[in-house]
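K.L.:
Would you be able to build a 3D model of this:
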Amino acid sequence: MFTLLLIIEIIVSFLLIVAVLMQASKGGGLAGVMSGGQVGTMFGVRRTADFLSKATTWLAVMFVGLCLVMNLFFLPTQSTNQESVIQEGAPASSQQR
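P.N.:
Below is the predicted model:
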């Protein structure tokens, strides 16, 4: 199950990267480079911008949600009795000069 969620997480992350890069910025973004500035011809300029912004929002929500689910339910938990390296102090065999 963890492997399946991890694969879905990777796919969502790549789709999120593409959705963010396809949005037109002041410099034209990746949308202008890939299609010669003709991204808006399929849906129209306004509908393309709406679609990309909604897709970015949903992909970001899915990405964060999958991260939380995998972290809370599938990663191994640690014992609460363990001390950190700082709490353990210096090793007894080390000598100060």
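K.L.:
From Ser13, how far off is Ile7?
P.N.:
To Ser13, Ile7 is 11 Å away according to Cβ to Cβ, to the nearest Å. Bear in mind the C-beta positions are built from the backbone N, C-alpha and C, glycine included.
K.L.:
what about Asn81, which helix or strand?
P.N.:
For Asn81, there is no helix or strand it lies in under DSSP states H and E.
K.L.:
My error: substitute Ala49 in the last question.
P.N.:
Going by DSSP H and E, Ala49 is in helix 45-69.
K.L.:
For the closest residue to Met1 other than its chain neighbours, give me its contacts.
P.N.:
Spatial nearest neighbour of Met1, excluding adjacent residues (Cβ to Cβ, 6 or more residues apart in numbering): Phe74 at 6.9 Å. Neighbouring residues of Phe74 by Cβ atoms under 8 Å, 6 or more residues apart in numbering: Met1, Phe2, Leu5.
K.L.:
The last one and Met70 touch, don't they?
P.N.:
Read that as Leu5. Yes - counting by Cβ atoms under 8 Å, Leu5 touches Met70, with 5.3 Å between them.
K.L.:
ok, how many other residues are close to Asp50?
P.N.:
Residues near Asp50, counting by other Cβ atoms under 10 Å, number 12.
K.L.:
meant to ask about Leu59
P.N.:
When neighbours are counted by other Cβ under 10 Å, Leu59 comes out with 20.
K.L.:
Just list the residues touching it, thanks.
P.N.:
With the criterion set at Cβ under 8 Å, 6+ apart, Leu59 makes contact with Val12, Leu15, Leu16, Ala19.
K.L.:
Sticking with the nearest residue to it once chain neighbours are set aside, tell me its helix or strand.
P.N.:
Nearest residue to Leu59, sequence neighbours excluded (Cβ to Cβ, 6+ apart): Leu16, at 4.2 Å. Per DSSP H and E, Leu16 falls inside helix 2-22.
K.L.:
That helix vs helix 45-69, what angle?
P.N.:
150 degrees (axes from the mean of the first three to the mean of the last three Cα atoms, to 10 degrees).
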